[in-house]
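Enquirer: here's my sequence, what's the structure:
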Amino acid sequence: MKRRDFTLSALAPLLLSACGGGSDDPAPTFPPGPKADAADALKRATHYMDDTVSYQGGYVWSYSPDLKQTFGEMEAYRTMCWIQPPGTPSVGHVYLDAYHATGDERHWRAAERTATAIMAAQHSSGGWNYIHDFAGEASLKKWYDTIGKNGWRLEEFQHYYGNATFDDAGTAVASQFLLRMYLEKRDARYLP
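Expert: The predicted model follows:
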């Protein structure tokens, strides 16, 4: 065993307990102060994003304040999620980061819902398209025929091909997020 590996393995339990790790408490509490205030604000933000903003765990890039208009690279239906960053997988990564920062299971549950949306959007070939419509293929085709066809210099949205793509990191970031989900708790649902 290398000296570095030995040192890390010997110090890991001490460091874990010093950092508050190893607890069975699903939602650790922080002493009153800025850290507790930040953890509480983060939990409220996760609750709002997951329960109010998302559509079945999926996200687009931006929303009007009343959530009546949604946008990815172009205007989107409320029933759509954008896979291309900074869409659904990017939000999932934020939830996992929040879970790691706080240990609060609320962030994990939001990440699970986001992962479920990403798995629903996965193409049969194994990759992802830029967008997914939870309302079904007919709704997605209507979007391509009305909104997408007007995408000047966005040729990928002017015709519906029913394909997955490696363009713009959509497939890569979705795969990375699902891999992180698997590695977190070794849940086989997130394996290919």
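
Enquirer: check which helix or strand the residue nearest to the spatial centre of the chain maps to.
Expert: Centroid-nearest residue in the chain, with CA atoms, centre = their mean: G92, separated by 1.8 Å. Under the criterion of DSSP states H and E, G92 resides in helix 88-102.

Enquirer: tell me which residues in that helix are buried?
Expert: The neighbour-count criterion (16 or more other CB atoms under 10 Å) identifies T88, P89, S90, V91, G92, H93, V94, Y95, L96, A98, Y99, T102 as the buried residues of helix 88-102. All C-beta spots, glycine's among them, are computed from the backbone N, C-alpha and C.

Enquirer: what's the local residue count around the nearest residue to the last one once chain neighbours are set aside?
Expert: Right, the one you point to is T102. Residue nearest to T102 in three dimensions, not counting chain neighbours: A39, with 4.9 Å by CB to CB, 6 or more residues apart in numbering. Using other CB atoms under 10 Å, the number of residues around A39 comes to 20.

Enquirer: got the contact list for A39?
Expert: Taking CB atoms under 8 Å, 6 or more residues apart in numbering, we find A39 in contact with F30, A101, T102, D104.

Enquirer: next secondary structure after the helix or strand hosting it?
Expert: Remark: A39 resides in helix 34-48, with elements defined by DSSP H and E. Moving toward the C-terminus from helix 34-48, the next helix or strand (DSSP H and E) is strand 62-63.

Enquirer: how long is stretch 70-79 end to end?
Expert: End-to-end span of stretch 70-79 (CA to CA, to the nearest Å): 10 Å.

Enquirer: going forward, the N-terminal residue is numbered 59.
Expert: All right, first residue 59 from here; so that's stretch 128-137.

Enquirer: buried set for that stretch?
Expert: Residues of stretch 128-137 classed as buried by neighbour count (16+ other CB under 10 Å): T128, G130, E131, M132, E133, A134, Y135, T137.

Enquirer: pull the most distant pair out of those residues.
Expert: Of all pairs drawn from these, the widest gap by CB to CB lies between E131 and T137 and measures 16.7 Å.

Enquirer: verify the contact between T172 and T146 for me.
Expert: Yes. T172 lies in contact with T146 (CB atoms under 8 Å); the separation is 6.1 Å.

Enquirer: out of the helices and strands in this protein, which is least certain?
Expert: Sorted by mean pLDDT, DSSP states H and E, the helices and strands of the chain end with helix 61-76, the least confident at a mean of 38.
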